[in-house]
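S.K.: no sequence for this one, just the structure:
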């Protein structure tokens, strides 16, 4: 049974102010130099857990309006860790911190953004296992490595090839995602999707295809944008990425049906299958 007493005390780290940071506000300096969502940083400062460490070892609490100077040593607490091994970690998420970014969440102001800033490795970096709502506090799990996931979707139209690999970078633009072009390629992220057409036919008079997908990179809306913007066959029911004039559907026909979960006791992952309905 989980007990609050099982929480390890939050560790701290020391950040030394560099020579180029002269007479800067403490909150602005920390936002620039640490990988933490701004709501979390301000919460830590309100609770007086961010402090200056003097040469004699004494501690002085810092507020956001305090000024920093070169050589100043600042103690910053880390998130309390509940569990950790080589494959995953569980830590205590405070209330008021978003797990993922969105249209109303500032850039970098989420746990997901913080994890990406700490380790952006596609294969070994920490990624969210699940989400907690912004006002919800509690145990949040993150895992290393890539979980193999297979999707199936009903597309409007039939792809030109029966199988293949879509290797087309994507760019996040406000609340949506677009395929990279020459104008925005400097902001693009690699996105690779393998696909295979399983079946073609008609649905309410519309030509459709049932397609299986294996995403090799986990970008936001990756399958949906690759289908609509690259294959020219949007997911049936995708109101966000279906061009005007094409068929609309009340439900989006995209389903994750197979997930490979790493098994710490074996080299072979556990396979979880979720059939469509």
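M.R.: Received, thanks. Just so it is clear, the structure is predicted and the values come from calculations on it, not from any experiment.

S.K.: as a check, name the ranges of all strands in the stretch 101-250 of the chain.
M.R.: 126-128, 138-144, 149-156, 163-167, 170-173, 176-179, 192-203, 206-215 (DSSP state E, counting those that start in this stretch).

S.K.: would you turn those into TSV with mean pLDDT?
M.R.: Converted to TSV, those look like this (pLDDT from 0 to 100):
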stretch	mean pLDDT
strand 126-128	75
strand 138-144	80
strand 149-156	92
strand 163-167	95
strand 170-173	86
strand 176-179	84
strand 192-203	95
strand 206-215	94
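
S.K.: any idea which of those strands is most buried?
M.R.: strand 149-156 (a mean of 21; mean count of other CB atoms under 10 Å). Any C-beta I mention is one placed from the backbone N, CA and C, and that applies to glycine too.

S.K.: circling back: so which of the strands of the stretch 101-250 of the chain is nearest residue 243?
M.R.: strand 149-156 (9.5 Å; CB to CB).

S.K.: okay, the angle between that closest one and strand 192-203?
M.R.: Interaxial angle of strand 149-156 relative to strand 192-203 (axes from the mean of the first three to the mean of the last three CA atoms, to 10 degrees): 40 degrees.

S.K.: where along the protein do the helices fall?
M.R.: Applying DSSP state H to the chain gives helices spanning 26-33, 38-46, 111-118, 222-225.

S.K.: thinking again about what came up before, to residue 256, which of the strands of the stretch 101-250 of the chain lies closest?
M.R.: Closest approach to residue 256 among the strands of the stretch 101-250 of the chain is made by strand 149-156 (5.2 Å; CB to CB).

S.K.: and the closest one, what does it pack against?
M.R.: Using 3 or more CB pairs under 8 Å, 6 or more residues apart in numbering; DSSP states H and E, the elements in contact with strand 149-156 are strand 206-215, strand 254-261.

S.K.: can I get those strands in TSV including distance to residue 184?
M.R.: Listed next are these as TSV, based on distance: least, CB to CB, whole Å:
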stretch	distance to residue 184
strand 206-215	21
strand 254-261	25
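
S.K.: any stretches of the stretch 1-150 of the chain with poor pLDDT?
M.R.: Along the stretch 1-150 of the chain, the parts satisfying pLDDT under 70 run over 1-11, 35-41, 43, 47, 78-81, 100-110, 113-125, 145-147.

S.K.: can you tell me how far the most centrally placed residue in the chain is from residue 97?
M.R.: When the chain is reduced to its mean C-alpha position, the closest residue under CA atoms, centre = their mean turns out to be residue 112, at 4.2 Å. Taking CB to CB, to the nearest Å as the measure, residue 112 falls 11 Å from residue 97.

S.K.: again, but for residue 163
M.R.: 42 Å.

S.K.: residue 192 now?
M.R.: Residue 192 is 31 Å from residue 97, by CB to CB.

S.K.: ditto for residue 133
M.R.: Distance from residue 133 to residue 97, by CB to CB: 10 Å.

S.K.: looking at these two, which is more packed in?
M.R.: residue 97 (24 against 9; other CB atoms under 10 Å).

S.K.: against residue 44, how distant is the more buried one?
M.R.: For residue 97, the distance to residue 44 - CB to CB - is 11 Å.

S.K.: and the closest residue to residue 206 other than its chain neighbours, what pLDDT?
M.R.: Counting by CB to CB, 6 or more residues apart in numbering, residue 206 lies nearest to residue 247, which is 4.9 Å off, once chain neighbours are set aside. Reported pLDDT at residue 247 in the predicted model: 73.
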